[in-house]
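Undergrad: Using only what follows, build the 3D model:
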Amino acid sequence: MGNPFELGGTLALVTGGGTGLGLGIARSIVNAGGKVVLTGRREETLRSACAGLGPDSAFVVHDVDRRETISELVREVEERFGPIGILVNNAGNHLKRSVEETDDESFAKVLSTHVQGGFALARETAKRMVPRGSGSILFVGSMAAIMGIPRVVAYSAAKTAVGGMARALASELSPHGIRVNTIVPGWIESEMTRKAFEGDPERARKILSRTPAGRFGSPEDIGHAVVYLSSPAAGFVTGIDLRVDGGAGIGF
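TA: Next up, the predicted model:
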């Protein structure tokens, strides 16, 4: 038996894969012997990401909010690059507003991207995975679905729904050999977090004070979790929420 943590050429579709978490996830997949197709809205960003990832990567420009095109996206990826063995639903949006400032349209847009877009991708990919009898579908969750965080009510609602949806999908698809799991990142070092903490060192201090590991995570920390959950090593793991948070979820 080979290394059960290797991906052996399995193709992964990673949404929002050009930067941040998505790029870290893609890099980890390639390093574990897999292949990746990245999607996102910005062609140059995706092209640059693939240049860094090497020959086992490719990209397709796509907006997950255009749900009517998702079936065509999955068809195109499989026709051009081969069967999708791993789906990583990473694409998302954010809304930081007080309750009073959160209007219905903005609230609905956040849910549309994370919940409806993620579901449509899972559904269309599962249609092809079921006849093959194997596959791994992963959702990227959030600490906002575990603890109360002010000014992110729409994002919290969306990520909470994602966790429940993933468990429902796991119960239905696992008998067909398709495992469905959610990865819950803690606070991860990225350009977005750096900008968020600019001029607000107290916020960073507060986060680190309740993170027992005493540091922010890296995108590759999440990528390694993706590799594990998608590999043969996790062949009996489905329907879980895997926290990769440095202990923030239990920090005091």
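
Undergrad: who touches stretch 129-138?
TA: 83-89, 122, 125-126, 166, 169, 173, 176-183, 226, 229-230, 234 (CB atoms under 8 Å, 6 or more residues apart in numbering). In this view, the C-beta of every residue, glycine as well, is placed from N, C-alpha and C.

Undergrad: Please indicate which of these are buried?
TA: 84-89, 122, 125-126, 166, 169, 173, 178-183, 226, 229-230, 234 (16 or more other CB atoms under 10 Å).

Undergrad: Can you verify my assumption that residue 122 contacts residue 87?
TA: Yes - at 6.5 Å, residue 122 and residue 87 qualify as touching, with contact defined as CB atoms under 8 Å.

Undergrad: Show me the strands in the chain, by range?
TA: 11-15, 35-40, 57-61, 84-89, 135-140, 178-185, 241-244 (DSSP state E).

Undergrad: Can I get those strands in CSV including distance to residue 50?
TA: Output for the strands of the chain, formatted as CSV (distance: least, CB to CB, whole Å):
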stretch, distance to residue 50
strand 11-15, 11
strand 35-40, 7
strand 57-61, 4
strand 84-89, 16
strand 135-140, 20
strand 178-185, 23
strand 241-244, 25
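
Undergrad: what's the angle between the longest helix anywhere in the chain and strand 135-140?
TA: When the chain is parsed with DSSP state H, its longest helix is helix 153-173. Angle between the axes of helix 153-173 and strand 135-140 is 160 degrees (criterion: axes from the mean of the first three to the mean of the last three CA atoms, to 10 degrees).

Undergrad: And helix 153-173, what does it pack against?
TA: Counting contacts by 3 or more CB pairs under 8 Å, 6 or more residues apart in numbering; DSSP states H and E, helix 153-173 is packed against helix 104-111, helix 118-132, strand 135-140, strand 178-185.

Undergrad: Kindly reformat the ones you listed as a markdown table containing mean pLDDT and distance to residue 240.
TA: Output for the helices and strands packed on helix 153-173, formatted as a markdown table (pLDDT from 0 to 100; distance: least, CB to CB, whole Å):
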| stretch | mean pLDDT | distance to residue 240 |
| --- | --- | --- |
| helix 104-111 | 94 | 23 |
| helix 118-132 | 98 | 16 |
| strand 135-140 | 98 | 11 |
| strand 178-185 | 98 | 5 |
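
Undergrad: follow-up on the earlier one: between strand 84-89 and the longest helix of the chain, find me the angle.
TA: Using the same axes, to 10 degrees: helix 153-173 against strand 84-89 is 150 degrees.

Undergrad: Now do the buried residues in helix 153-173.
TA: Residues 153-163, 165-167, 169-170, 173 are the ones in helix 153-173 that count as buried (16+ other CB under 10 Å).

Undergrad: and what of stretch 25-45?
TA: Within stretch 25-45, judged by 16+ other CB under 10 Å, the buried ones are 25-40, 45.

Undergrad: Just the terminal-to-terminal distance for that stretch.
TA: End-to-end span of stretch 25-45 (CA to CA, to the nearest Å): 15 Å.

Undergrad: Now for residue 109: which residues touch it?
TA: Contacts of residue 109 (CB under 8 Å, 6+ apart): 65, 93, 95.

Undergrad: got those as CSV, with neighbour count columns?
TA: CSV is the format used below for those (neighbours: other CB atoms under 10 Å):
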residue, neighbour count
65, 15
93, 17
95, 17
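
Undergrad: Using TSV, please lay out those together with pLDDT and distance to residue 131.
TA: Formatted as TSV, the contacts of residue 109 follow (pLDDT from 0 to 100; distance: CB to CB, whole Å):
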residue	pLDDT	distance to residue 131
65	93	28
93	87	33
95	84	38
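
Undergrad: Which of the residues you listed fall in helices?
TA: Assignment to helices by DSSP H places none of the contacts of residue 109 there.
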